[in-house]
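>>> Structure for this input, please:
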Amino acid sequence: MNLEEIINNVANEFGSYNFNCLALAHIDFKKKSYESYSLYDNPFLKGQKVYFDLASLTKPLTLGFSYLRSPELFNDDMKLLLNHRGGLKAWGRLSRDSWRKQVSSYTIKESDTVYSDFGALRLQLEIEKKENLYDLVSPMWDEEIVHWLDIEDEICAPTGRRQRQLIDGEVHDDNAYVIGEKVSHAGLFGTIDGVCRTLLKAQESYSLIQNTKRQSDHRFINGWDSVSNPSNTLAGSGATTNTFGHLGFTGTSMWITPETNTGVVLLCNEVLGYWNDRAKLNALRRSMEF
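Below you'll find the model as predicted:
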């Protein structure tokens, strides 16, 4: 199903979705171009630059990009952390004052894949023994990728409520919000154009597709998630076992299939009301075609 058909189908039953802001794109890396469509319940947003909380897309856009740009910074332990095989727990509550000490207290040891926010944060700390993470990777982004702490008057898709206040222009992830710093597991915002142009730029300047090749049976490839079962994947129709990308908790995703040199991007605010029923979002993700 092409993007225009998808947008029209969603528009016909927009009120039944958890989100009220949606942007979709298809990227053609060979042609160095993309097409995008958007849909908003607020007519004022039509034609505006709307920034979405990218959630865990932050991980490949920081940690994955740091490896893409400077692989020489990474020792074996850091590569384990990059691919969620460093033995750190998946998640836990962190505080502004002690998060570094807490995350640094864990021993890095090779393990089976356990998707880990703590591992992502620990890798940031290891990288920053040598270089500041955001200084390293932010030049790789389009100007419409920003950290939430740098948001000023940008229009943002709201992502629910925190302490009864609408989350609008602040990060949805509680740990990222509490820490209040530029961290690696969540915190980036972007427009659909910004994400697409960033991926095109990464391909043109750093050969993203050629440098993100599956070389083992492990799930993660240089900080990017992969597809294990193409017939039942959220990456989209036409995905292969070489497809790589990432999902974000707020309702975001980006995936690239090397065989076709194409990518798909989906941005929405799925967590606006509630997030425990994602059947319609997942069906939407699966309908996108490479």
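
>>> out of everything not next to it in sequence, what's closest to the residue nearest the centre of the chain?
In the chain, the residue lying closest to the centroid (Cα atoms, centre = their mean) is L57, at 1.1 Å. Nearest residue to L57, sequence neighbours excluded (Cβ to Cβ, 6 or more residues apart in numbering): G248, at 4.6 Å. All C-beta spots, glycine's among them, are computed from the backbone N, C-alpha and C.

>>> neighbours around that neighbour, how many?
Other residues lying near G248 total 25 when counted by other Cβ atoms under 10 Å.

>>> Mind listing the residues bridging to it?
Taking DSSP bridges as the rule, G248 bridges to T252.

>>> Please tell me how far it sits from V114.
From G248 across to V114, the span is 19 Å (Cβ to Cβ, to the nearest Å).

>>> ditto for L54
Between L54 and V114 the distance is 22 Å, computed by Cβ to Cβ.

>>> Show me which of the two is the more surrounded one.
Per other Cβ under 10 Å, whichever of L54 and V114 has more neighbours is L54, with 29 against 14.

>>> Can you point out the buried residues in stretch 147-157?
If you call a residue buried by 16 or more other Cβ atoms under 10 Å, then stretch 147-157 has these buried ones: 147-148, 151, 154-157.

>>> Just the CA atoms of stretch 99-111, as CSV, please.
Output of stretch 99-111 as CSV, limited to C-alpha atoms (Å, rounded to 0.1, in the frame of the first residue of the first chain):
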residue,chain,number,x,y,z
TRP,A,99,22.3,8.2,37.5
ARG,A,100,26.0,8.1,36.5
LYS,A,101,27.1,6.3,39.6
GLN,A,102,24.2,3.8,39.3
VAL,A,103,24.8,3.0,35.6
SER,A,104,28.5,2.8,36.1
SER,A,105,28.2,0.3,39.0
TYR,A,106,27.3,-2.6,36.7
THR,A,107,29.9,-4.9,35.3
ILE,A,108,30.0,-5.2,31.6
LYS,A,109,29.9,-8.9,30.6
GLU,A,110,28.9,-10.6,27.4
SER,A,111,25.4,-11.8,27.5
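
>>> which residues sit against it?
Residues outside stretch 99-111 that contact it (Cβ atoms under 8 Å, 6 or more residues apart in numbering): 77, 80-81, 85-89, 92, 94-95, 118, 121-122, 125, 175, 179.
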